[in-house]
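**Student:** Sequence unavailable; structure follows:
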């Protein structure tokens, strides 16, 4: 008899899971103990093994899709067994989507209330591209109405709460309708596009979906005026058309001051990719085109302000900014924060770093040394490496340190898993790699999940000291200031020394004042005598 497998609860706080990878496909033989899939929870990506034997008859959640705990994940039974009753009934409803990560065709139910979907027509809805995504913003359409779409073609670039990601089509046909214009935001499962045979009338389908849609967001033209806050600079071609380029190509072009309208794209439909920008040689005309707008800009001070002149501008919040605002507010108003500040002598750390960086192909920063010291101090003070739950306090015996990275739209926190087991050079290489991905919006959800402690460093901006809001579910976050050269007292003498101020923000529900103070004492010992980190 066929058995229904539901989305498991793989962590104490898990409410939904994302299927990262299926290791079995429909028709495969499954033995007890076989790994069915890798499932991403709110804490980690974990292997999920089968407790049943048989043939995999149905997959209910495709790779990249998320679904609540207890949703229909799969059905295992005998080859050829009738599972229609399990698919149509029971207390384990299947998720809306049929092929990852697109939530499409299942929207037929509401649509058929007004009009039947013609044969060959596919309704594509706003996909859930991250485990926390509730809304998506269309950054760029790479196809326009009337274009031919093949399976695997990139339809659009969609901005989630974590990154801007390319969204490919899982259907072939003609793009008949666009439901979310560039710059607009729509909830997950809202109508995004309709694909089908050329010439098909889909106005009834579109109207049916519009009837339940939310109010429209201001269009992309508003975003053009606010280019400084957008995820990539707005580019113009000589003909006034739109430039098609990948997010990474746009970022590289912005950093290098390259006008993308001068770059010949080698990607699909002339799309500009990374290699096109990196291999581009600017001409004099290009340089003039880039710098010209600066000379023609309106003067900063106007002697006269005409009637109706705007004194404000409205910048639409990105999905990332909305998520950051919500989570920080939740942390600040649910966790009772308190702060402990100490000053650390960094003279020995400076000498040690200089020596370490003489090793070929090695580059260690002061922040890397702080991260390493924190990892080792957390092993000695596991109470700081904890999280609060209403029913229990969770002490983590593994150390996963999140490193706060400033990006254009706010702040992301990539995570170094098992930081205590990493060397300084490994930490340095990992932080550099993750920071690069963060700035190019290439971080995956799994690279930002599972932190047990966070380090935030503003020393490179000359900030002497500051306090941070705890990155929940962590119990603490360390704020790191700049290294300052100043008079200090050593052995009763005033000498010139280098000091750094660090502040530990603690959740008083899990970390008492004495515990936080002891952690900082251990941290200071490691930083003031770095050789002890090698013991």
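**Tutor:** Looks like it came in fine. Source: prediction; values computed, not measured. Residues are numbered from 1 along each chain as shown.

**Student:** quick one: contacts of stretch 368-385?
**Tutor:** Contact partners of stretch 368-385, identified using CB atoms under 8 Å, 6 or more residues apart in numbering, comprise 349, 352-353, 395-397, 399, 401, 403, 416, 419-420, 422, 424, 427-428, 431, 452-453, 455, 457, 475-476, 478, 480, 502, 506, 510-512, 515-516, 518-519, 522-523, 526-527, 530, 533. For the C-beta atoms, the positions are set from N, CA and C on the backbone; glycine is no exception.

**Student:** at 6 Å instead, please
**Tutor:** 349, 395-396, 399, 401, 419-420, 424, 427-428, 452-453, 455, 476, 480, 511, 515, 518-519, 522-523, 526-527, 533 (CB atoms under 6 Å, 6 or more residues apart in numbering).

**Student:** what about burial for those residues, which qualify?
**Tutor:** Buried members of these, scored by 16 or more other CB atoms under 10 Å, are 349, 396, 399, 401, 419-420, 424, 427-428, 452-453, 455, 476, 480, 511, 515, 518-519, 522-523, 526-527, 533.

**Student:** now, which of the contacts of stretch 368-385 lie within strands?
**Tutor:** Using DSSP state E, the members of the contacts of stretch 368-385 that fall within strands are 395, 401, 453, 455, 476, 480.

**Student:** just so I have it, where are all the strands in the stretch 51-200 of the chain?
**Tutor:** Counting by DSSP state E, counting those that start in this stretch, residue ranges of the strands within the stretch 51-200 of the chain are 54-59, 66-68, 72-77, 103-104, 122-125, 135-141, 148-149, 154-159, 164-168, 173-178, 185-187, 191-196.

**Student:** Given the first one, what are its sheet partners and their directions?
**Tutor:** With DSSP bridges as the test, strand 54-59 is paired with strand 29-30 (antiparallel), strand 72-77 (antiparallel).

**Student:** how far does the longest one sit from the chain's center?
**Tutor:** Counting by CA atoms, centre = their mean, to the nearest Å, strand 72-77 is centred 30 Å from the centre of its parent chain.

**Student:** for the shortest one, same thing?
**Tutor:** Offset of strand 29-30 from its chain centre (CA atoms, centre = their mean): 35 Å.

**Student:** partners of the helix or strand just after that strand, with directions?
**Tutor:** Once the chain leaves strand 29-30, the next helix or strand it forms, by DSSP states H and E, is strand 35-40. Strand pairing for strand 35-40, using DSSP bridges, gives strand 16-22 (antiparallel), strand 45-49 (antiparallel).

**Student:** which of the residues in strand 35-40 are buried?
**Tutor:** Applying a neighbour-count criterion of 16+ other CB under 10 Å, one finds 36-40 buried in strand 35-40.

**Student:** Same question for stretch 117-128.
**Tutor:** 117, 121-128.

**Student:** Let me know the average pLDDT across stretch 363-371.
**Tutor:** What stretch 363-371 shows for mean pLDDT is 94.

**Student:** got it, and stretch 499-518?
**Tutor:** The predicted confidence, averaged over stretch 499-518, sits at 96.

**Student:** ok, back up a step: do you know which of the strands paired with strand 35-40 lies nearest residue 326?
**Tutor:** Proximity to residue 326 (CB to CB) singles out strand 16-22 among the strands paired with strand 35-40, at 17.1 Å.

**Student:** and the closest one, which residues are buried?
**Tutor:** 16-20, 22.

**Student:** what's the closest of the ones in strands among the contacts of stretch 368-385 to residue 316?
**Tutor:** Nearest to residue 316 among these, counting by CB to CB, is residue 455 at 31.0 Å.

**Student:** what's around the nearest residue to the closest one once chain neighbours are set aside, how many residues?
**Tutor:** Spatial nearest neighbour of residue 455, excluding adjacent residues (CB to CB, 6 or more residues apart in numbering): residue 478 at 5.1 Å. Using other CB atoms under 10 Å, residue 478 has 26 neighbouring residues.
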